[in-house]
Structures are given as C-alpha cells and as structure tokens.
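Q: Here is the input, now give the coordinates:
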Amino acid sequence: MVASSALLVMVLLPLSEIVARRFFGRGIAGSGPIVQHLTLWVGFLGAAIAAREGKLLALATGTFIKGGWRRAVDILAAAYGACAAIVLAFGGWQMAMIEREAGTEIGAGIHAWVTQLVLPVAFVLIALRLVWRVGHATTPAVEIDTPVSAGPSIWLDRALASIGLVAGVLFAQIPSLLTGHLIWPAAVVIVISALVGTPLFAILGGTAAFLYLHDGVTPATILVETYSLSVSPTLPAIPLFTLAGFLLAEGHASERLLRVFRAFFGWIPGGTAVVCAVLCSFFTVFSGGSGVTILALGGVLFPALLKDGYRERFALGLLTASGSLGLLLPPALPLILYAVVAQIPIEDIFIGGILPGILLTTMIAGWGVREGIVSGAARHRFRVREAFASLWAAKWELAMPGVVLVAMFSGLATTVEAAALTALYALVVQAGIHRDLSLRRDLPRAMAECVTVIGGVLIILGVAQGLTSYLVGAQVHSKLLDWAQANITSRLAFLLVLNVFLLAVGWLMEIWAALVVVVPIIVPLGVAYGIHPVHLGIIFIANLELGFLTPLVGLNIFLASYRFKRPVLEVCVAALPMMAILGIGVLVITYVPWLTTGLLTLLGRG
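A: All right, here's what the predicted structure looks like:
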C-alpha cells in the first residue's frame, strides 16, 4: 500500500509541476528531489514485495535442478541471498546515520536520512522473506509458486537457511573475517549460488560487498552508489512508463491493437505473423520489457496464429522473439537507463533507436511473410470499412507514442514529466474513455504489479551500481582500454569483438544489471575507437535484446516455456531461426552507423 501510494504521488507531482510552470511561471519547490526519493521507496519496497511473492529476478539455470538436489540448492540460494541482504542492510543503516549527522534536506523540510531508511528496512525484509520462502520452488520473474517441502522438514530447511542471516551479521560486524583473505573460495560460492537460483541482486550486491570488505572498506560505500543512482533525476521515468504499460495491459488495449494491425496487415501473406511482430514491438515499448509482453499478449496471439494455420513451432519462436522487439524504440526503458548511465541526452538515444528498432521488427515480420507463404496460412481480406473502424477504436492507444514525443520535444515536459503524462493518459483512456479498467478493482492491482516488477529491476540496478563503482576504482576500464588498443588496431575489428563480448554478457547477465555494470566499462572504449556514443548505446541494447533468446538461459526462452506450457528445449529450438535473423540485424546495426546517426544528423543533433 505504501509503495503504491508513493507511485501515485510520483505521477501527480510531475503533472502538477507542468501546470504550475505553465500557468504560474514557476515550478513546485522540492518537487524534483521528492519524486526522485519516492523512486527509491517504490523500488526497494517493491523489491521487498517481490521477495515475498517469489518474483525477484534470478538466472533460469536453477530451475533445471530436480529431485533430491532441489531441496539442497533452495537452502543454499536462500542462505546466500539472506547473507548478502543483511550485509547490505548494515551498509544502508551506516549510510543513513552518516547522512543524519550531515542534516541534508531534500525539500519541504524532509531530511535525506529519513528517506534512506527504506534501504536497511527493505533489505532486512528481503532477507527474512528469502529464508521464510525456502521450500517453495519459484520460477524467476513469473508466478509459479510450488511447495516442495512440507511439515517438519520445511522448518528444518528454514533453520538451515537462517545460517545465512547469522553469517551476514557476523560479516557486517566483524569485517576482518573477510579482509585480506583468498578471493577464489568466495568466487566459487558466488558462482554456484548464481547457478542454483539466488536472486541476481544478491549475486551482484554480495560480490560488491565481499570485494569492498576484502579491501577493508565498509559496505556503506555500495549503498552510497545505490542511493545516488536511485535518486537520479531521470530514473523516475522508468516506473512511470512501466505503470503506463500495466494500465494498457489491464484494459483491452491489446485486443484493439490486434484488430487494427490485422485489418491493415492481415491481407498480406503471413499477415497474422506480421501483426504479432508489430503488436509485440508496440507493447514492449511501454510495458518495460519482454516479460510483460509475452505474459500479457501470449494468450491472445498464440491461439490466433494456430487458428490461421501457422506451424506451432513457428508460432512459438515468433512470440518468443517478438517479446523484446520494441526495446530499441522510444520510450523503451533500456534506452532511458543507458542514457542515464552513459550520461548522454535521452532525446538523442530515443531518436537513434527508431530506425534500428524498425529494422529488427521488419526482419522478423519478413520471416513471418515467408512462413505464411510456405505454410499457406490464412489471410484476412482487406476491408476499408473494417480498417477505418478498427483504427477509430484504437485511436487513443495509437496516439500514445506521439503524446510522449510531442511532450518531450516541444519543451512542454521533461522526460519524467512526459512519463507521468503518459501514465495519466493511459489511465484516462482505459478507465475513462473505454471503461475497461475499474478504478476500484483493477487500478490497485495494476499499481501493485507495477511496483513488484519495478522493485525487482531497481534493486538490481542499485546494487550493480555499487559493483560498478568498485570496478571503476580498480581501474578495470583503463586496463581493458590498454589491452584493446594494444591488440585491436582496426575499428571494424573492435566492433566485431564488441559484439561477441556483448553477446556473452547477454548470456551471463540480466539486461538491467548489464546496463549498470558494463556500460561504464565500454563507453571509454567506444570513445577511443571513435564510435558515436548513441551508436554505441544502440549496439549495446541490440546485443542484449539478442541475449534474451540465448538457449537455456535467455529470459524470453524461459518466460515462453512458462506461458505456452512447452519444454524449455522445445522453445530453444523454435527460437533459433529468430535468433539467427536478429543476429544478422545486429551486425547490420553495428556496421551501418547511419541507421543510428542518420536521423540525429538530419535533425541537427549528430
């Protein structure tokens, strides 16, 4: 309830700022910092809720462990997660107490240290909930919650997992237990914990905490970086755009959009497949990621493809790939976060992503045309009356991208204000115009789900920032730059190596963590080899988009397996052609920089 209320205030304050600035010539004092600190509360209280419901993001590899080992790895994952969370809680408390002595205010008489208390509270709640949930096998990022232990054994499992709580307290209170000791035993524990399903925030945060404690530095350093990222001026756009996506999902927006795209594209060979690619791309732009798209639209689009005569394997692969197609199109959340981390204008990366995003969507749609011809799938005859009727019915949803871009580029609103305006627009359209969304029944559920998803993402971003700070302090980026310049003399060769490296990152790391950890390392490399910063960003996100389809560990593979109730290996095989197509697209984006920079140059921003 607290997190949802904070999210509501995050919508109202930027909207009030627009009105006050336009009609009274000045904004609301302290509005910006307050919204930024509310993002901190939404993120970490949302993470605590995600821990309670078993929705913290983790690697999919843990779900392949079955039988008698299942119980043991659940205990290990919970124990390590709880240990890391307790250490981070102590770091958060230390930071808040230091800030209390400084007496900094964020506005409206609110002290910064009071807002920072959410960090230790949230981490303690997460630690306790990880231990309590031992005995439930939960699929990462989706709602599969199956008891695997019962009776007295579950209490024994919880007791064993509680060792992680004790260890966390000991490490935080007696850091000399870790200072100066060998690194490799801890590295082995961390890798094993990651593979068995420990939440990603604990893997990244635990790694950062160990490295700092090993060097004799307090873990409060991690939380300082976490706090700095969480109160970034543009970060509030992420939960606000995500809320807009959830409001669309709660209404019948997907059905109206399916109708309009089918009316206009259903007549061509493979028309329904083209519609699926375009619709998924459109929806992912606002939903915050491929997971929401697959889960929200899969139940509508998969039966539609099968009904029109498409092969089941093709339909499975198409929807698995299409879930992430919109990540390069504005205002997709990875674009915003990349701009925040790389410190480039958000408007520039929005413009830079348009043509590459259209290219990848068109390539997948083109494969759908081929499938339509080969399989003889049904086509929907073009009818002028139906086309205009569907267009009229979906006019408000279709106008959403225009609302965002006009608000931002006209100077009416900042990025955060445009995001709040988009959330309000989605609410008015779904609840007021179409009346598909109940303010009493559906809105609270949509906000709660949004908070949970955002919590799972922002906690990863926060602790990953702490790990990034350590890597920067250790001069990792400088050493990597020296190695690259000594061994790679060609710009084209560097781009190829970069693609291979980023593909490996996509295999090993979730996109949100990769954005925070890897971007600060590769940005200096891009500068050294004369790569346009926006082009580098689009290459980065396009490669990680491809990583969603990586066999066995790609998030889309896993979500599609859950949503369509098919074995993971079957989904992998179905997705391979799509992975090859997107791989070609990524190479085109990499070696044809005009796709990214052409519009920027045309608009005088190159």
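Q: Determine the number of other residues adjacent to Ser153.
A: Other residues near Ser153 number 12, with proximity taken as other Cβ atoms under 10 Å. In short, each C-beta sits where N, CA and C put it, glycine included.
Q: That one is in what secondary structure piece?
A: helix 152-161 (DSSP states H and E).
Q: got the buried residues for that helix?
A: Neighbour counts over helix 152-161 (16 or more other Cβ atoms under 10 Å) mark Ile154, Asp157, Arg158, Leu160, Ala161 as buried.
Q: pLDDT on that helix, on average?
A: On average, the pLDDT along helix 152-161 is 84.
Q: which residues sit against that helix?
A: Residues outside helix 152-161 that contact it (Cβ atoms under 8 Å, 6 or more residues apart in numbering) are Arg71, Asp74, Ile75, Ala78, Ala79, Ala82, Leu130, Val131, Trp132, Val134, Gly135, Ser149.
Q: With stretch 17-26 instead?
A: Identification of contacts with stretch 17-26 by Cβ under 8 Å, 6+ apart yields Gly27, Ile28, Ser31, Gly32, Leu412, Ala413, Glu417, Leu421.
Q: swap the cut-off to 7 Å and go again
A: Stretch 17-26 is contacted by residues Gly27, Ile28, Ser31, Leu412, Ala413, Glu417 when judged by Cβ atoms under 7 Å, 6 or more residues apart in numbering.
Q: go on, stretch 506-520?
A: By Cβ under 7 Å, 6+ apart, stretch 506-520 touches 57, 200, 204, 334, 337-338, 341-342, 457, 460-461, 464-465, 467-468, 472, 477, 505, 540, 543-544, 546-547, 550, 553.
Q: List buried members of those by neighbour count.
A: Looks like the contacts of stretch 506-520 have 57, 200, 204, 334, 337-338, 341-342, 457, 460-461, 464-465, 467-468, 477, 505, 540, 543-544, 546-547, 550, 553 buried, using 16+ other Cβ under 10 Å.
Q: From those residues, which land in strands?
A: Judged by DSSP state E, strands contain none of the buried ones among the contacts of stretch 506-520.
Q: returning to what we had before: neighbour-wise, which one of the contacts of stretch 17-26 leads?
A: Neighbour max across those (other Cβ under 10 Å) = Glu417, 25 neighbours.
Q: now, which of the contacts of stretch 506-520 lie within helices?
A: 200, 204, 334, 337-338, 341-342, 457, 460-461, 464-465, 467-468, 472, 477, 505, 540, 543-544, 546-547 (DSSP state H).
Q: show me what contacts Gln36?
A: Val231, Ser232, Pro233, Pro236.
Q: ok, 8 Å please
A: Ser230, Val231, Ser232, Pro233, Leu235, Pro236.
Q: so which strand or helix has it?
A: helix 31-52.
Q: what does Phe90 give?
A: helix 69-102.
Q: Toward the C-terminus, what is the element adjacent to that helix?
A: Downstream of helix 69-102 (by DSSP H and E), the next one is strand 105-107.
Q: thinking again about what came up before, widest-spaced pair of the contacts of Gln36?
A: Taking Cβ to Cβ, the two most distant members of these are Ser230 and Pro233; they sit 11.4 Å apart.
Q: neighbour-wise, which of the two wins?
A: Set Ser230 next to Pro233 and count neighbours by other Cβ under 10 Å: Ser230 wins out with 27 against 14.
Q: wait, isn't Ala332 in contact with Gly326?
A: Yes: contact criterion Cβ atoms under 8 Å: Ala332 and Gly326 qualify, at 5.8 Å.
Q: Identify the contacts common to the two.
A: Common neighbours of Ala332 and Gly326, using Cβ under 8 Å, 6+ apart, are Thr284, Val285, Gly357.
Q: Go through those residues and say which is closest to Ala574.
A: Thr284 (19.2 Å).
Q: Thanks a lot, catch you later.
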